[in-house]
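Visitor: Build the 3D model from these lines:
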Amino acid sequence: MKNLIKRISAFLIFLFVCITPLSAFSIEYESPTKYKYINDYVGIMDEKTRDEIISIGKELEDKTSAQSTIVIINSLQGNSIEDYANKLFRQWGIGTSEKDNGLLILMAIEDKQYRVEVGRGLEGAITDIYSNRVMEGEAKPYFKEGDYSTGLLNAYKVFAQDIATEYNQTLSYDYSPQENYKEGSQSDGESAILIGIIVFIILGDALFNKGRLMSLLFLRRRRGRYYGTGPIIRNNRKNDDDDDFFGPFGGGGGSSGGGFGGFGGGSSNGGGSSGSW
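Guide: Below is the predicted model of the structure:
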């Protein structure tokens with residue numbers, strides 16, 4: 001079992017190196033603007049919306065210590081938006097280092113892509129599936145019409161309310177989302193995780209163990225006949241100390257060590273969602 005895990009880990013590292021574009025290792029990120037909560041490097045945000053987002057972001061941080069910011073860039077420079085957002089999040093240190101309670105909405109105009117990157121401390125309040133639903137319902141329809149300001153403001157308001165609720169706080173503005181995006185998101189997320197784990201095991205077994213693990217799990221031969229795996233699983237449990245097959249969940253980006261531009265040194269594990277318009 002340990003050898004199988006080592007082989008899978010080595011393969012994943014090799015695969016990552018092969019598929020990661022060289023440009024991903026030399027991204028030059030902008031520094032945060034003086035507005036902190038809205039960083040528009042393209043110039044698409046109107047002044048009224050900008051001021052409203054700044055007001056909401058400041059109130060949210062004052063009441064909860066959480067930091068939510070929007071970053072608008074022209075191009076991803078050939079990188080995936082997931083990689084770009086995660087590295088930008090950690091370089092800026094969005095959220096506090098103690099709570100990792102930051103949220104980033106990244107928008108790449110030329111690539112027509114967006115990404116919600118969630119700090120580790122907010123992953124319970126804003127799940128991957130939920131963040132995707134919010135962007136699909138509150139922002140994407142406006143992005144398609146070229147009304148980026150309204151789409152970003154709507155999504156920002158919804159996420160800010162979610163964060164405030166997580167801290168048992170109420171913000172001064174009142175905004176009603178288009179629909180209840182949280183409905184069913186938890187059960188859907190659990191199902192997706194379970195399916196992902198099963199697929200990961202099957203692929204790893206096929207690549208590195210020639211299917212022997214699956215054969216062992218489902219069938220075993222004794223005296224010319226095949227039997228189910230119940231006894232095998234129970235016996236292995238009694239004799240095997242290695243219960244941490246999957247290891248701890250999480251990983252990804254480590255702590256940024258301290259933020260700048262007014263941010264507090266928060267980090268992200270890569271939680272969130274991506275989309276395009």
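
Visitor: what ranges do the helices span in the stretch 101-250 of the chain?
Guide: 128-134, 140-144, 148-166, 185-208, 212-218, 230-239 (DSSP state H, counting those that start in this stretch).

Visitor: Give the other helices and strands that the shortest one contacts.
Guide: Judged by 3 or more CB pairs under 8 Å, 6 or more residues apart in numbering; DSSP states H and E, the packing partners of helix 140-144 are helix 148-166. C-beta here means a position set from N, CA and C on the backbone, and glycine is covered the same way.

Visitor: could I get the helix it packs on in CSV with only the CA atoms?
Guide: The C-alpha coordinates for helix 148-166 follow below in CSV (Å, rounded to 0.1, in the frame of the first residue of the first chain):
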residue,chain,number,x,y,z
TYR,A,148,-18.9,44.2,-15.5
SER,A,149,-19.5,46.7,-12.7
THR,A,150,-23.0,45.4,-11.9
GLY,A,151,-22.0,41.7,-12.1
LEU,A,152,-19.0,42.2,-9.8
LEU,A,153,-21.0,44.3,-7.3
ASN,A,154,-23.8,41.8,-7.1
ALA,A,155,-21.4,38.9,-6.4
TYR,A,156,-19.4,40.9,-4.0
LYS,A,157,-22.5,41.8,-2.0
VAL,A,158,-23.6,38.2,-1.7
PHE,A,159,-20.2,36.9,-0.6
ALA,A,160,-19.9,39.8,1.9
GLN,A,161,-23.2,38.9,3.4
ASP,A,162,-22.2,35.2,3.7
ILE,A,163,-18.9,36.1,5.5
ALA,A,164,-20.7,38.5,7.8
THR,A,165,-23.2,35.8,8.7
GLU,A,166,-20.4,33.4,9.4
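
Visitor: same question for it, mean pLDDT?
Guide: For helix 148-166, mean pLDDT is 98.

Visitor: So which bits of that helix are buried?
Guide: 148-164, 166 (16 or more other CB atoms under 10 Å).

Visitor: Ok, stretch 34-47 next?
Guide: Result for stretch 34-47 [16+ other CB under 10 Å]: buried residues 35, 36, 37, 38, 39, 40, 44, 45.

Visitor: Report the spatially closest residue to the third one, excluding sequence-adjacent ones.
Guide: Using CB to CB, 6 or more residues apart in numbering and skipping the chain neighbours, the partner closest in space to residue 37 is residue 57 (3.0 Å).

Visitor: show me the contacts for that neighbour.
Guide: 36, 37, 38, 67, 68, 69, 156, 160 (CB atoms under 8 Å, 6 or more residues apart in numbering).

Visitor: ok, the first one to residue 172 distance?
Guide: Spatial separation of residue 36 from residue 172 under the definition CB to CB, to the nearest Å is 19 Å.

Visitor: quick revisit: need the buried residues of stretch 34-47 in CSV with secondary structure, distance to residue 124 and pLDDT, can you?
Guide: As requested, the buried residues of stretch 34-47 are arranged in CSV below (DSSP: H, G, I helix; E, B strand; the rest coil; distance: CB to CB, whole Å; pLDDT from 0 to 100):
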residue, secondary structure, distance to residue 124, pLDDT
35, coil, 28, 96
36, coil, 25, 97
37, coil, 23, 98
38, strand, 26, 98
39, strand, 26, 98
40, strand, 30, 98
44, coil, 32, 96
45, coil, 30, 97
